[in-house]
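Generate a structure from the sequence data that follows.
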Amino acid sequence: MSDSEQLPSYNESQVVRENDPPKYNATSTASNVTAENAAPPTYDSLFGKIKEAKREHGTGLEFFKTVATILSAAIGGIACLAVAGVLLAIPVVQLYYGVNKKDECEIDKWIPLYLIVSGACGVAAIVLQVLSCMCNGEDGESKCPMLTHIQSLLNAFNGVWFICGNVWGYRVFSTVVYDDATSEFYCDKTAYLLAFWCITAAYIMLGALCVIGLLVCICAICFS
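Below you'll find the model as predicted:
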């Protein structure tokens, strides 16, 4: 065979390169696969949950109730502890003055006792409320039903005791004396006024809640 008829020569490295499978950019491929397999956006965020609630319930009363539940679950135990810390000051002060002034209210011995019991029940109620907040799930449902029953009993007792405090506090309002410890109408000024204004503040808060509830109902009717 002559030189002109010899088989054509090939570059070995060129043959290997041509026969190699095509190479891909691993990073690009992984990101593409991840993007394709990524889950669709969910409503796990607070704003997303509120949007979903609006889509399901519109802007009626049910929507506001759902939003309240969502916010309650989102706020969680931390805010509950903060609020409880502020509210705890009132029953602690009641307990302190009730114990220290229990023998300094001749006009009615029940007034210091009212402060003692009211303060102790207030502390217990706040502690139970904090525990209840800690037990709430993401859907706002309590995981500790026993706490709910205890709170209900305590609230019922507090309601009855509050009515008793109304009787003891308001019936001596016009006859109580602060500056004569020997008088049968004497009562320590701080102890009596603390009891009086705690009772009165409860009515003020109740009235404010009624006004807020009325405004919420009006808004719900207007936007429904």
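
Quick one: list the elements packing against the helix or strand harbouring Trp161.
Per DSSP states H and E, Trp161 falls inside helix 145-170. Here helix 145-170 touches helix 110-135, helix 189-223, going by 3 or more C-beta pairs under 8 Å, 6 or more residues apart in numbering; DSSP states H and E. (C-beta placed from N, C-alpha, C; glycine too.)

Comparing the ones you listed, which comes out most buried?
helix 110-135 (a mean of 19; mean count of other C-beta atoms under 10 Å).

counting contacts, what elements does that one pack onto?
Helix 110-135 packs on helix 61-87, helix 89-100, helix 145-170, helix 189-223, going by 3+ C-beta pairs under 8 Å, 6+ apart.

between those helices, which one is nearest to Val177?
Closest of the helices and strands packed on helix 110-135 to Val177 is helix 189-223, at 9.5 Å (criterion: C-beta to C-beta).

what angle do that closest one and helix 110-135 make?
Interaxial angle, helix 189-223 versus helix 110-135 (axes from the mean of the first three to the mean of the last three C-alpha atoms, to 10 degrees): 40 degrees.

Just the angle for helix 189-223 relative to helix 145-170, thanks.
Going by the same axes, to 10 degrees, helix 189-223 makes 120 degrees with helix 145-170.

I'd say Asp108 and Tyr186 touch.
No. Asp108 is not in contact with Tyr186 according to C-beta atoms under 8 Å; the separation is 10.5 Å.

thinking again about what came up before, put together CSV for the helices and strands packed on helix 110-135, with mean pLDDT and distance to Asp180 on each row.
Shown next, in CSV, are the helices and strands packed on helix 110-135 (pLDDT from 0 to 100; distance: least, C-beta to C-beta, whole Å):
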stretch, mean pLDDT, distance to Asp180
helix 61-87, 64, 35
helix 89-100, 93, 20
helix 145-170, 92, 20
helix 189-223, 91, 11
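
if we can go back for a sec, list the buried ones in the helix holding Trp161?
147, 150-151, 158, 165, 168-169 (16 or more other C-beta atoms under 10 Å).

residues in contact with stretch 161-171?
For stretch 161-171, the surrounding residues in contact (C-beta atoms under 8 Å, 6 or more residues apart in numbering) are 108, 110-111, 114, 117-118, 121, 192, 195-196, 198-199, 202.

do that again at 7 Å, thanks
Stretch 161-171 has contacts (C-beta atoms under 7 Å, 6 or more residues apart in numbering) with 108, 110-111, 114, 117-118, 121, 195-196, 199, 202.

This completes my enquiry, with thanks.
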